[in-house]
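Participant: need a 3D model of the following:
(chains A and B)
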Amino acid sequence: MRLEKLTQLLVLLALVISCNQKAVRVEVDSSVGSDEFALVLPDWLSEPMIPKDNPLTKAKVELGRRLFFERALSKDSSISCASCHLESFAFSDTIALSAGASGRHATRNTPSILNIAYAPRLMAEGGVKNLELQVLSPLENELEMNMSVNGACDRLNADSKYRADFERVWSDSATPFTLTRTLAAFERTLIGGDAPYDKFLRGDSNALSKSAQSGLALFTESGCINCHSGPLFTNYKLENNGLDERYLDNGLFRLTLLASDMGKFKVPTLRNVELTAPYMHDGRFITLREVLVHYNSGGKNHPNKSERVRPLNLSEKQLSDLEEFLLSLTQEFK
Amino acid sequence: MLLRWTKISALVALLGLVSCKSTVPEFELVEIEPKIVLSFELVNEGETIDIGDAFKDQEGYNLALRTFKFYVSNIELISAGGAIENLSSVELVDFNDNEDGGNNMFTQSYNYVIPKGDYTNLRFSVGLPSNLNATDPTTVENDNPLSTLSGMYWDWGSMYVFIMMEAGIDTTGDAAPDANIAFHTGLDTLFRQEQNYPMTFEIPAFAKDSLHIQIDWNKLFNVEGETYIDLSTKPYFHANTGLEALDMTRKFTDNFIHAIRVTP
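Facilitator: Reported below is the predicted structural model:
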């Protein structure tokens, strides 16, 4: 109930923010004198891999930030990347299936792209190799931005300001190469910050409530940590978590056409999971509690279901503790 | 075999003129490079299909083709001595991208310079080998068949469609298309490697010759002894969307191979 109210509040907040078109904050290390863009990372994150052909520069990241908010990148100029990736929701949104251009709707729930620089594979079935190529997917998907990358470049090149900025950053116009690299560079700067959990790990015992501390222990004991591991609480593997007996969205099967891959989707990060509702690839679960109830039940029968998804027989109190722990993964958005 | 004697005649005439002069100017005799032209055409009962126009197929279906394009890769000519001449690593045959000034004629031609000699085999693959299928389309020039302009890239999976066919079909009997049919094949499993088309032909010096590659529309759906695809079911399949789609696009791919006929 508390979460539902919180969700409503956050939806309102999102509307306010989306009307405000405020700029995304990007942490910059001001000690770097050149145009090189230095990421400021929390101590629990290592340096992400930056492609050699797309180093981070201040000018490029700034241009990427503008493009992230640029509605002209959608066919009817109605939406931008930021329309579905709202900063206040850890760069996800609040509805099951986001609205695309021309009133259409995407077929999958918008994931958080905070810390996306660390993802070794992209998209729910993990078929896209890097952020640069991933830019093409929402851009050209007819249910999302519905804009050819070449058409987007034409629009940008018709704008003297963009033309000058691309020239300054790339010594070139907007092209499929420069556009995808610029947006990817900006996305790599979307790095998360400390949550109460991180402070707890550093020795602040008051950062987590007793309930959350119990939840942390349950998170390990009940095996959640097997898939939701590491500093970002994901192993990035593809798993069938027993959502359905028959899948409408085939997941990894779409890529491999192997029956053994039916219904497998990439394990999502749990950082800021409180803010990324609704949940699962299709946004079927509105609250975190529903997600926990699903895992507690052991999920539905499917030949590909992960062995790790099994009845947990957790009590209501234990589910509440787990939920409290998950809430402690929410960072403070300034 | 069509020899281009015009230019040779011009050279001979020039030599004749030069020889009449008292002083012989220096000039360079440039041998015209022999060329082979691969010409692709989609036909229905022997007639070239025009894009957008209604046509009736062998089974009596009224159809209107909207899109027909496909990749051919590793295009090679094999000489009588067994030497392999690589013509191209990849071409996108896109009948929509017509080259005859907008008449929507369903033909596409590609020119290649090759050594003169006797040849016995044309060989190419349909689709893209895995190394080309993994190309980043944003890293190649717009005139590259693998560029973002190809309209053949599956963004969601970072790979290419191999064959894209889209058409309208009349299912009500009034001859006007009222439903859509489509086949989008792709994925490494539907790559068809090294299709051989044996034939004997000679490419002399100063020559330009053509190989005519016809795709028989009717065989795309009905190859005797192979696979029948019932158009009345309004087949609409993208290879990646499920087991039935994979099965149907596999049938379409294999029929496509059988539908190709190459003649000198």
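Participant: contacts only, for the nearest residue to B:Tyr153 once chain neighbours are set aside.
Facilitator: Nearest residue to B:Tyr153, sequence neighbours excluded (CB to CB, 6 or more residues apart in numbering or on different chains): B:Pro137, at 5.1 Å. No exception for glycine: its C-beta is placed from N, CA and C like everyone else's. When contacts are counted by CB atoms under 8 Å, 6 or more residues apart in numbering or on different chains, B:Pro137 touches A:Leu136, A:Pro176, B:Leu146, B:Ser147, B:Thr148, B:Ser150, B:Tyr153.
Participant: contact partners for the last one?
Facilitator: By CB under 8 Å, 6+ apart, the residues touching B:Tyr153 are A:Leu136, B:Pro137, B:Met159, B:Tyr160, B:Val161.
Participant: those: which two are farthest apart?
Facilitator: Greatest spatial distance among the contacts of B:Tyr153 (CB to CB): A:Leu136 and B:Val161, at 14.0 Å.
Participant: residues contacting the residue most central in space within chain A?
Facilitator: In chain A, the centroid-proximal residue (CA atoms, centre = their mean) is A:Ser112; its distance is 1.8 Å. Listed by CB under 8 Å, 6+ apart, the contact partners of A:Ser112 are A:His85, A:Phe89, A:Ala90, A:Phe91, A:Ser92, A:Pro268, A:Thr269, A:Arg271, A:Asn272, A:Leu275, A:Thr276.
Participant: would you turn the residues you listed into a markdown table with secondary structure, distance to chain B and pLDDT?
Facilitator: Below are those laid out as a markdown table (DSSP: H, G, I helix; E, B strand; the rest coil; distance: CB to the nearest CB, whole Å; pLDDT from 0 to 100):
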| residue | secondary structure | distance to chain B | pLDDT |
| --- | --- | --- | --- |
| A:His85 | coil | 17 | 96 |
| A:Phe89 | helix | 23 | 95 |
| A:Ala90 | coil | 23 | 95 |
| A:Phe91 | coil | 20 | 95 |
| A:Ser92 | strand | 19 | 96 |
| A:Pro268 | coil | 17 | 97 |
| A:Thr269 | coil | 20 | 97 |
| A:Arg271 | coil | 25 | 97 |
| A:Asn272 | coil | 25 | 97 |
| A:Leu275 | helix | 25 | 96 |
| A:Thr276 | coil | 21 | 97 |
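Participant: which one of those is nearest B:Glu33?
Facilitator: Closest to B:Glu33, out of all of the contacts of A:Ser112 and judged by CB to CB, is A:His85, at 54.6 Å.
Participant: residue contacts, the closest one?
Facilitator: Counted by CB under 8 Å, 6+ apart, A:His85 has contacts A:Phe68, A:Phe91, A:Ser92, A:Asp93, A:Thr110, A:Ser112, A:Ile113.
Participant: what stretches of the stretch 201-334 of chain A score poorly on pLDDT?
Facilitator: A:334 (pLDDT under 70).
Participant: got the residues of it near chain B?
Facilitator: Residues of the stretch 201-334 of chain A lying close to chain B by CB under 8 Å from any CB of the partner chain are A:Asn250, A:Phe253, A:Arg254, A:Leu255, A:Leu257, A:Ala259.
Participant: show the pLDDT at the residue in the stretch 1-150 of chain B that chain A sits nearest to.
Facilitator: With CB to the nearest CB as the measure, B:Thr138 is the residue of the stretch 1-150 of chain B nearest to chain A, at 3.9 Å. Listed pLDDT for B:Thr138 reads 97.
Participant: before we move on, what about A:Asn109?
Facilitator: 95.
Participant: now do B:Gly82
Facilitator: Looking at B:Gly82, its pLDDT stands at 93.
Participant: again, but for the one 5 residues further on
Facilitator: Confidence per residue is given as pLDDT, and for B:Leu87 that number is 93.
Participant: please state the offset of stretch A:98-107 from the chain centre?
Facilitator: Averaging C-alpha positions (CA atoms, centre = their mean, to the nearest Å) puts stretch A:98-107 18 Å from its chain's average.
Participant: need the residues that contact that stretch.
Facilitator: Outside of stretch A:98-107, the residues within contact range by CB under 8 Å, 6+ apart are A:74-76, A:78-79, A:83-84, A:97, A:109-110, A:138, A:141-147, A:249, A:282.
Participant: pull out the buried residues from these.
Facilitator: For the contacts of stretch A:98-107, a burial check counting by 16 or more other CB atoms under 10 Å in any protein chain shown picks out A:74-75, A:79, A:83-84, A:97, A:109-110, A:138, A:141, A:143-147, A:249, A:282.
Participant: out of those residues, which sit inside helices?
Facilitator: Judged by DSSP state H, the buried ones among the contacts of stretch A:98-107 include A:Ser83, A:Cys84, A:Pro138 as members of helices.
Participant: quick one, what contacts A:Gly283?
Facilitator: Counting by CB under 8 Å, 6+ apart, the residues that A:Gly283 touches are A:Ile95, A:Ala96, A:Leu97, A:Asn109.
Participant: sorry, wrong one. I was asking about A:Ile191.
Facilitator: So A:Ile191 contacts A:Glu27, A:Leu39, A:Val40, A:Leu41, A:Pro42, A:Leu45, A:Pro48, A:Leu114, A:Asn115, A:Ala117 (CB under 8 Å, 6+ apart).
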